[in-house]
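Peer 1: Fold the stuff below for me.
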Amino acid sequence: MSTNKPRVLIIEDEKPIRTFLRASLEGEGHDVVEAEAGREGVAQAAMWVPDLVILDLGLPDIDGLQVIRELRGWSHVPIVILSAREREGDKVAALDAGADDYLTKPFGIRELLARVRVALRHAAQTGKERSTQYRVGEIQMDLDARRVFLAGKELHLTPIEYKLLATLIHHAGKVLTHRFLLKEVWGPGRIDDVHYLRVFMAGLRRKIEADPSHPRYLLTEQGVGYRLADE
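Peer 2: Reported below is the predicted structural model:
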């Protein structure tokens, strides 16, 4: 098995889905290992040390949320949830437990592969010394100088808008829950003030997006939070 290829662990109890995912991921140049139950998946993660985990929540032995918590006890491996659970509460619970992204079944393989690429790229970046220069599309952020540019033109952001964008750009491509963003930007005393977040996000979109009603960068994950598009 080539050590130069990104290693992806699939934890999924439905064999046809595992087979389809394996073929798609190997076609993209990944090494793949499968597990059909939660305990087996945790053991494979400890033994094989994957670069990314694709995880179903509805497993035959333990719930996927427990798998996330066990993995997060010792690993920062990116976890992409692929589940039939569509309720907002399930998505928030998985993301708050430590998952990096969440797609619902049925899913588009092109979107899944794009999310995998983003998660792997983000993990590679955070594994290195943190940069003070960030670029996502036409957005450029200089943390040392506290300056933000869009297509080469400097943006004038309020302190809250700047902190909100900095948080999103640190986690580009990752779904961030309302509670996470509120805690990071406003502190733990404001984690339930979702209306605050919506007001400032609307202001940030007006400054960044060509069409704020159809954003290119600042994407809404309905009922869950926001994501800064990285691809």
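
Peer 1: What lies in contact with the longest helix along the chain?
Peer 2: Taking DSSP state H as the criterion, the chain has its longest helix at helix 109-126. By CB atoms under 8 Å, 6 or more residues apart in numbering, the surrounding residues in contact with helix 109-126 are 6, 8, 20-21, 24-25, 28, 30, 51-52, 54, 76-78, 80, 82, 100-101, 103, 131, 171-174, 230-231. No exception for glycine: its C-beta is placed from N, CA and C like everyone else's.

Peer 1: Domain ranges for this protein, per the record?
Peer 2: According to automatic domain parsing, the chain comprises the domains 7-126, 133-228.

Peer 1: What is the subsequent helix or strand relative to the helix or strand of the chain with the lowest mean pLDDT?
Peer 2: Least confident element among the helices and strands of the chain, by mean pLDDT, DSSP states H and E: strand 133-136 (a mean of 84). Using DSSP states H and E, the helix or strand that follows strand 133-136 towards the C-terminus is strand 139-142.

Peer 1: Report the distance from that next one to the chain centre.
Peer 2: With CA atoms, centre = their mean, to the nearest Å as the basis, strand 139-142 stands 20 Å off its chain's centre.

Peer 1: do the same with stretch 100-116
Peer 2: Put simply, stretch 100-116 sits 11 Å off its chain's centre (CA atoms, centre = their mean).

Peer 1: quick revisit: from the chain's centroid, how far away is the longest helix of the chain?
Peer 2: Relative to its parent chain, helix 109-126 has a centroid offset of 8 Å by CA atoms, centre = their mean.

Peer 1: And for stretch 222-231?
Peer 2: 8 Å.

Peer 1: repeat for stretch 153-173
Peer 2: Relative to the chain's own centre, stretch 153-173 is displaced by 17 Å; criterion: CA atoms, centre = their mean.

Peer 1: end-to-end on that stretch?
Peer 2: 23 Å (CA to CA, to the nearest Å).

Peer 1: buried ones in that stretch?
Peer 2: Residues of stretch 153-173 classed as buried: 155, 157, 160-173 (neighbour count, 16 or more other CB atoms under 10 Å).

Peer 1: got it, and stretch 198-216?
Peer 2: Buried residues in stretch 198-216 (16+ other CB under 10 Å): Phe200, Met201, Gly203, Leu204, Arg205, Ile208, Pro215.

Peer 1: any chance of these in JSON lines, with secondary structure too?
Peer 2: JSON lines is the format used below for the buried residues of stretch 198-216 (DSSP: H, G, I helix; E, B strand; the rest coil):
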{"residue": "Phe200", "secondary structure": "helix"}
{"residue": "Met201", "secondary structure": "helix"}
{"residue": "Gly203", "secondary structure": "helix"}
{"residue": "Leu204", "secondary structure": "helix"}
{"residue": "Arg205", "secondary structure": "helix"}
{"residue": "Ile208", "secondary structure": "helix"}
{"residue": "Pro215", "secondary structure": "coil"}
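
Peer 1: Reformat those residues into a markdown table and put distance to Ala37 and pLDDT next to each item.
Peer 2: Shown next, in a markdown table, are the buried residues of stretch 198-216 (distance: CB to CB, whole Å; pLDDT from 0 to 100):
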| residue | distance to Ala37 | pLDDT |
| --- | --- | --- |
| Phe200 | 43 | 94 |
| Met201 | 39 | 96 |
| Gly203 | 46 | 95 |
| Leu204 | 43 | 96 |
| Arg205 | 43 | 96 |
| Ile208 | 44 | 95 |
| Pro215 | 39 | 95 |
